[in-house]
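*Asks:* quick one, fold the following:
(chains A and B)
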There are 2 protein chains.
Amino acid sequence: MRVRADLNISLDGIAAPPVGTPEQPFGEDWGHLVAAYLATRTMQEQVFGKNDTGTTGVDDAYARRYFEGTGAEIMGAHKFGLDLYGDDPDWKGWWGPNPPFHMPVFVLTDRERPTLEMEGGTTFHFISAEPQDALHLAMAAADGQDVRIGGGPTVVKDYLRAGLVDELHVAIAPIVLNHGISLWDDLRGLEADFDVRSEAAESGTSHVTFTRKVLAP
Amino acid sequence: MRVRADLNISLDGIAAPPVGTPEQPFGEDWGHLVAAYLATRTMQEQVFGKNDTGTTGVDDAYARRYFEGTGAEIMGAHKFGLDLYGDDPDWKGWWGPNPPFHMPVFVLTDRERPTLEMEGGTTFHFISAEPQDALHLAMAAADGQDVRIGGGPTVVKDYLRAGLVDELHVAIAPIVLNHGISLWDDLRGLEADFDVRSEAAESGTSHVTFTRKVLAP
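*Replies:* Have a look, this model is predicted:
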């Protein structure tokens, strides 16, 4: 059982563009950040329900890993849309009636909201908790599988700074954004605790994976 | 004849650490940024004069390209050391009597200094010029070969913003620095004019190359 985090970032480290609207909840740049990922066969299936379409190269291998072996997710309030729709008791997230999680999802928020049982096995729990406490809840719910820190970057950084992430994968899109929340701010020296490997995709995306070093017993 | 730029940067885009001293002219982080590059067989030969030692993988292929086909270099005053040693008329740069350039090098500075002829074919010219004008001088001196914009990042950014770079190669070391000059600041949308490809090295370094799109005639 490991704690994994995945983010799509730009060359300048922007993981979340700044301005969200109902039409573009993660800002106008979001589409550029995730274009190569959404073009993969795995994402076409999982997110759009389309079969036998999409790219099958390196990006797709990482997209497939994203969905494998994960038993619970922790996400921030912004990712669920509570900054825009927190006052709407009927808001159920961006993903329609059958969200592509199919597991318990813990949304970190100070707002009290009832648990949402969705189709396909996704259950959204809304909790106000410190990173370590939320992780304990997610681990208990993950049934021996990995826990994913699903973002956005502020949540991932909280877990990285707390030393709670075993594996961080970033897909670096070959674009420069300049505006938004950088993953790397205030993470100087992060690499010291990890082995780092890099793999390039046909799309120009660089996949960089940090794997926590195993200390000798 | 193309205009090429090469930089070693961190995951957060830092191309030049902030503080230089005579012992560490490019700051304490510089060694981490260029470690994988200096470990290559090509750099061991070119910079340290050592034969038959060093890595021979992807990093070395890029190091080799760095030295191939270039007929002149443009560098900033900081790279030559004029911020520290500009008042010393005997200062001849960091590289000893036989610098690893072996071609004309144009150092951009408002200080007047006499041309320096070094061993091995390197000649340092000190010029006060706008990017385009310096480029004309370097092109004339390059004898049909490529011109390299040798850094630091401020100089490379000036040339990128002026639309004068045909190929930008960045070697992204898998480290987070947080302090220093970022290559990417104020370059939002840079990718629009370029094709971008990515290649991963065994060291964890991601090599990203921007090649200016050729417009249809």
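
*Asks:* now residue A:69: how far from residue B:193?
*Replies:* 41 Å (C-beta to C-beta, to the nearest Å). C-beta here means a position set from N, CA and C on the backbone, and glycine is covered the same way.

*Asks:* is it true that residue A:45 lies in a helix?
*Replies:* Yes: judged by DSSP: H, G, I helix; E, B strand; the rest coil, residue A:45 forms part of a helix.

*Asks:* for it, give its distance to residue A:56.
*Replies:* 12 Å.

*Asks:* check contacts around the residue nearest the centre of chain A.
*Replies:* Centroid check for chain A by C-alpha atoms, centre = their mean gives residue A:150 as the closest residue, at 2.8 Å. Shown in contact with residue A:150 (C-beta atoms under 8 Å, 6 or more residues apart in numbering or on different chains): A:5-6, A:73-75, A:79, A:105.

*Asks:* returning to what we had before: more neighbours: which of residue A:45 and residue A:56?
*Replies:* residue A:45 (18 against 12; other C-beta atoms under 10 Å in any protein chain shown).

*Asks:* state the distance from that one to residue B:205.
*Replies:* With C-beta to C-beta as the criterion, residue A:45 and residue B:205 are 33 Å apart.

*Asks:* next one: residue A:129
*Replies:* 38 Å.

*Asks:* ok, residue A:161 next?
*Replies:* 25 Å.

*Asks:* more crowded one of those two?
*Replies:* Ranked by neighbour count (other C-beta under 10 Å), residue A:161 and residue B:205 place residue B:205 first, with 26 against 13.

*Asks:* shouldn't the more buried one be in contact with residue B:175?
*Replies:* No: contact criterion C-beta atoms under 8 Å: residue B:205 and residue B:175 do not qualify, at 9.9 Å.

*Asks:* contact residues of chain A facing chain B?
*Replies:* Taking C-beta under 8 Å from any C-beta of the partner chain as the contact definition, chain A meets chain B at A:11-13, A:172, A:174-179, A:182, A:184-191, A:196-201, A:204-208, A:210.

*Asks:* buried ones only from those, please, as a PyMOL command.
*Replies:* Only the buried entries of these go into this PyMOL selection, using 16 or more other C-beta atoms under 10 Å in any protein chain shown:
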select buried, chain A and resi 11+12+13+172+174+175+176+177+178+182+184+187+188+190+191+196+197+198+199+200+201+204+205+206+207+208+210
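
*Asks:* please flag which of the residues of chain A next to chain B sit within strands.
*Replies:* Those of the residues of chain A next to chain B mapping onto strands are A:172, A:182, A:196-200, A:206-208, A:210, per DSSP state E.

*Asks:* part of a strand, is residue A:149?
*Replies:* Yes: checked against three-state DSSP, residue A:149 lies within a strand.

*Asks:* can you tell me how far it is from residue A:7?
*Replies:* With C-beta to C-beta as the criterion, residue A:149 and residue A:7 are 9 Å apart.

*Asks:* check residue A:127 too.
*Replies:* Distance of residue A:127 to residue A:7, computed by C-beta to C-beta: 22 Å.

*Asks:* which of the two has more neighbours?
*Replies:* The neighbour comparison of residue A:127 against residue A:7 (other C-beta under 10 Å) goes to residue A:7, with 21 against 17.

*Asks:* got the phi/psi numbers for the more buried one?
*Replies:* Per-residue torsions, residue A:7: phi -140, psi 150 (degrees, to the nearest 10).

*Asks:* which residues are in contact with residue A:172?
*Replies:* Contacts here follow C-beta under 8 Å, 6+ apart; on that basis residue A:172 touches A:9-11, A:205-208, B:172, B:198, B:206.

*Asks:* what does residue A:213 give?
*Replies:* A:193-195.

*Asks:* buried subset of those residues?
*Replies:* Applying 16+ other C-beta under 10 Å to these flags residue A:194 as buried.

*Asks:* could the contacts of residue A:213 go into JSON lines alongside pLDDT and distance to residue B:137?
*Replies:* Converted to JSON lines, these look like this (pLDDT from 0 to 100; distance: C-beta to C-beta, whole Å):
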{"residue": "A:193", "pLDDT": "94", "distance to residue B:137": "48"}
{"residue": "A:194", "pLDDT": "97", "distance to residue B:137": "46"}
{"residue": "A:195", "pLDDT": "96", "distance to residue B:137": "46"}
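
*Asks:* skipping its backbone neighbours, what lies nearest residue A:83 in space?
*Replies:* residue A:77 (6.5 Å; C-beta to C-beta, 6 or more residues apart in numbering or on different chains).
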